[in-house]
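Chemist: Compute the structure for the input listed below.
(2 chains)
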Number of protein chains: 2
Amino acid sequence: MNIREATDKDLDEIWPIFHEIVSAGEAYAYPQETTKEQALDIWFNTPGKTYIFEESGNIPGTYYLKPNQAGPGSHVCNCGYMVSSKARGRGIATAMCEHSQEVAKELGYKAMQFNFVASSNEEAIRLWSKPGFETVGRLPGAFNHPAKGYVDALVMYKWL
Amino acid sequence: MNIREATDKDLDEIWPIFHEIVSAGEAYAYPQETTKEQALDIWFNTPGKTYIFEESGNIPGTYYLKPNQAGPGSHVCNCGYMVSSKARGRGIATAMCEHSQEVAKELGYKAMQFNFVASSNEEAIRLWSKPGFETVGRLPGAFNHPAKGYVDALVMYKWL
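Modeler: Below you'll find the model as predicted:
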């Protein structure tokens, strides 16, 4: 396994993962109908820092890292992680989360924040709680789940 | 008094308010050195909806309204309000907050969220608590205050 910075060429391999997760509408605050071109903007261009998890020539996972706020909030970063459904339960998200914290510290960030974790996404909450992310906020009905309707969204946070 | 949608022509009157507040670095997550051109982008172009508070030909206040998240979070809006220091304590922020909630409901939003209220900004917390915004999150040390250092930032939220 190897985690490395992504290049635009990796988008073709990342797109099926992105599309699978975003079109389901259960985890990310992107429109379900997000196109590949928009995904390039969301996952590559806007964050500026995008990484991929590579094994045996395949790319089962990816994450981005970016400042969560500008100015007086720019010492806190934000990350998003995606793992192909076929590759889940093998620690790839955890490995990427550990990697992202190291990258964040190298870049001078002091903390990491996840703004919008659907409370129905128990797997994500479990995954991020383990390495010490705390639920510091609960947004009532802020996540419109395609099957469950308005569910709370959590804000998770860790001082690095 | 009159609250109306802003036009690009209003930027010249808004800029001194924006610059006064943002350069102080105590309230907004924008870089203190934000330029007028960047302000146009932040306060007008990105939100898409910007209003001004007008009285006797002057513009002592302004606010923007935008979706806080896309996709499954797009039923929650976000607003930012600014009042000239010379015009504070006269209910202008409160009037704009009330107005913004009406606009938000007309646009179909279900809730309103403030993502990053510095815990040191007691006046803002008092102002938003009155019309029923609840503190639903507390981000440890997320706001780098120019005099006080890392202070907590609050997430405030109201179901409309």
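Chemist: how about the residue most central in space within chain A, secondary structure?
Modeler: Closest to where the C-alpha atoms of chain A average out (Cα atoms, centre = their mean) is A:Gly80, at 1.4 Å. Under DSSP: H, G, I helix; E, B strand; the rest coil, A:Gly80 falls in the strand class.
Chemist: who's it bridged to?
Modeler: Following DSSP bridges, A:Gly80 is listed with bridge partners A:Tyr64.
Chemist: which residues touch it?
Modeler: Contact partners of A:Gly80, counting by Cβ atoms under 8 Å, 6 or more residues apart in numbering or on different chains, are A:Tyr28, A:Trp43, A:Tyr63, A:Tyr64. (C-beta placed from N, C-alpha, C; glycine too.)
Chemist: Most proximal residue of chain A with respect to chain B?
Modeler: A:Gly137 (2.1 Å; Cβ to the nearest Cβ).
Chemist: Nearest residue to that residue in space, ignoring adjacent ones along the chain?
Modeler: Nearest residue to A:Gly137 in three dimensions, chain neighbours excluded: B:Gly137, at 2.1 Å (Cβ to Cβ, 6 or more residues apart in numbering or on different chains).
Chemist: List the contacts of the one you found.
Modeler: A:Val136, A:Gly137, A:Arg138, A:Leu139, A:Val155, B:Leu154, B:Val155.
Chemist: so what's the second one scoring on pLDDT?
Modeler: A:Gly137 carries a pLDDT score of 98 in this model.
Chemist: hang on, the earlier thing: what kind of secondary structure is the residue nearest to A:Gly137 in?
Modeler: Going by three-state DSSP: B:Gly137 is strand.
Chemist: Any part of the host helix or strand of A:Tyr150 near chain B?
Modeler: Using DSSP states H and E, A:Tyr150 falls within strand A:149-159. Yes - Strand A:149-159 comes into contact with chain B (Cβ under 8 Å from any Cβ of the partner chain), by way of A:Tyr150, A:Ala153, A:Val155, A:Tyr157, A:Trp159.
Chemist: Give the burial count for the fourth one, as a bare number.
Modeler: A:Tyr157 is flanked by 25 other residues according to other Cβ atoms under 10 Å in any protein chain shown.
Chemist: Which residues are in contact with the residue nearest to A:Asn144 when sequence neighbours are not counted?
Modeler: On the basis of Cβ to Cβ, 6+ apart, the spatially nearest residue to A:Asn144 that is not a chain neighbour turns out to be B:Pro72, at 4.6 Å. Contacts for B:Pro72 (Cβ under 8 Å, 6+ apart) come out as A:Gly25, A:Glu26, A:Tyr28, A:Ala29, A:Ala118, A:Phe143, A:Asn144, A:His145, A:Pro146.
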